[in-house]
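Trainee: structure for the following, please:
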Amino acid sequence: MNKSTLITLLLLCFSPLVLAQPGHIADDAMVYVHNGPSNQYRIITRIASGSPVEILERNKSTNYTHIRMQNGRTGWVESASVDPGDSLSIALPKMERSLEQSQSTVSQQAQQIEGLQTESAALKKSNESLSSDVQKLNSRIKELQFQLDTTDETNLMRWFTYGGLVALGGVFFGLILPYLPRRKKRRDDWF
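Mentor: The predicted structure is shown next:
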């Protein structure tokens, strides 16, 4: 035997093992396992519904599937009796665990949402209070700014008034001064 023939022979022997996929016997029937890919072959055993198997190959012309059972034996069953993946007896507990996990996650998320809503309401109330404080402070700033502006104007008017009074006093004094009696100087004649 040459090398290529030996490799081909090994590939043919191990190819069903490589291509095998998990499956199960349909959940509603007791199925007969045949020695070949049709019902013309001898029945070698029966297999219960829901039993896990490995799907090795499918014969499309006879509509039979080559399977490996859990005990290691191989045989052929009608393709309609074999479903890929886990049976309902295996899949249902997995789904129930997944459902419980999902419900737990939903419950946790609902609690988180409730906490966030409470926090949001508290923040909204705090925001409203702070907005009210900001409005009060803005009105106080406007009042103080008005007082500052009017104080500046009042001070300016006061200084103008003082200046006007001093000027008026100066004018009045200047008009009256010439009419006031003067003290006469004594004349010493000695010089």
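Trainee: tell me, which strand in the chain spans the most residues?
Mentor: strand 52-59 (DSSP state E).
Trainee: just the CA trace of it, in CSV.
Mentor: Extracted in CSV, the C-alpha atoms of strand 52-59 (Å, rounded to 0.1, in the frame of the first residue of the first chain):
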residue,chain,number,x,y,z
PRO,A,52,-29.3,11.5,23.0
VAL,A,53,-27.4,10.3,19.9
GLU,A,54,-24.6,11.5,17.6
ILE,A,55,-25.7,12.2,14.0
LEU,A,56,-23.0,10.7,11.8
GLU,A,57,-24.5,11.2,8.3
ARG,A,58,-27.8,11.6,6.4
ASN,A,59,-28.7,9.5,3.4
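Trainee: any idea how far it is from the chain center?
Mentor: Relative to its chain's centre, strand 52-59 lies at 44 Å (Cα atoms, centre = their mean, to the nearest Å).
Trainee: test my guess that residue 36 contacts residue 76.
Mentor: Yes - counting by Cβ atoms under 8 Å, residue 36 does reach residue 76; the two are 5.8 Å apart. For every residue, glycine as well, the C-beta is placed using N, CA and C.
Trainee: of these two, who's got more company?
Mentor: residue 76 (24 against 15; other Cβ atoms under 10 Å).
Trainee: and the more buried one, what element?
Mentor: In the assignment (DSSP states H and E), residue 76 maps to strand 74-78.
Trainee: quick one: buried residues of that strand?
Mentor: Buried residues in strand 74-78, counted by 16 or more other Cβ atoms under 10 Å: 75, 76, 77, 78.
Trainee: quick one: the helices in this protein, in order.
Mentor: Here the chain has its helices, by DSSP state H, at 3-19, 88-176.
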